[in-house]
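[1] here is a sequence with its predicted model. Questions after.
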Amino acid sequence: MDRREFVEGCAVGAGSLAATLATGAWASQVSARSYGRVLLTDELGRPIKASSLKAQVNYVFHYPFEATPVFLLDLGKAAQPARLTTRDKKTYDWPGGVGPRRSLVAFSAICAHKLVYPTRELSFISFRKGAVANPQTPSKGNDLIHCCADHSQYDPARGAQVLAGPAEQPLCAILLEHDARTDQLTATGTLGGELFDDFFRKYEMKLSMEMGSGTRRQVADRSMVRELEQFCRNPVRC
């Protein structure tokens, strides 16, 4: 390579780098975050079988912290990969569903607007089979996650992207692995806009009263899966 070719090559490379930075394609990509591998189990501590999950039923487990709930869903249909954007304009590529039909998905159950979440006493946010009937925010589709506190709607088949309401970003995705040999499910990390710090700041006193000093304790080894109707005494419908 002579001097002229070298200079031209550097100019092309610099131009490509500038274009990449300008579009944010390189600098603003969100990577998955690992919190350790946690096996999903039933109430007796036995590993959950993916085939035992009922389609379009709202399940709950906790991950990555003992205080942070997650929705686990078998959508009954394949969930395709999607490119999504956080509230601070960072992009990420959600990998879609897992399992034999790629229909199994999981998302943080903390609403991306006011941080509403399901507790043992009350839940304003949940997955709804069929259309959501609400005069304030008509449903933008079927089989959505809907928050009655602010009427944000999320599509779990598209990475929990926002379809309606004031939420500024999708629900944070919880990454799952499915073992085809054992049919077991393992949570491995998160992807997208985490709101855990905001959540702990907002509910610090409430969580401390419920859990003592272990509010930010990470889940270790196993997490119990239950239907929302069993976990929460009063799932609100709106």
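    That came through fine. No experiment lies behind these values; they were computed from the predicted model shown.
[2] and D198, that one's in a helix?
    Yes - counting by DSSP: H, G, I helix; E, B strand; the rest coil, D198 is part of a helix.
[3] residues near it, how many?
    12 (other Cβ atoms under 10 Å). Heads up, the C-betas are built off the backbone N, CA and C, glycines and all.
[4] and Y154, by the same measure?
    26.
[5] which SSE is immediately downstream of the strand or helix carrying it?
    Y154 is part of strand 152-155 when elements are defined by DSSP states H and E. As assigned by DSSP H and E, the chain's next helix or strand after strand 152-155 is strand 161-164.
[6] relative to that next one, what are the paired strands and their orientations?
    strand 152-155 (antiparallel) (DSSP bridges).
[7] show the average pLDDT along the partner strand.
    For strand 152-155, mean pLDDT is 96.
[8] which stretches of this structure form strands?
    Here the chain has its strands, by DSSP state E, at 33-41, 59-62, 69-74, 82-85, 91-94, 104-108, 125-131, 142-147, 152-155, 161-164, 173-179, 184-191, 222-224, 226-227.
[9] and of those strands, who's closest to G214?
    strand 59-62 (12.2 Å; Cβ to Cβ).
[10] packing partners of the closest one?
    Strand 59-62 sits against strand 69-74, strand 222-224, strand 226-227, helix 228-231, with contacts defined as 3 or more Cβ pairs under 8 Å, 6 or more residues apart in numbering; DSSP states H and E.
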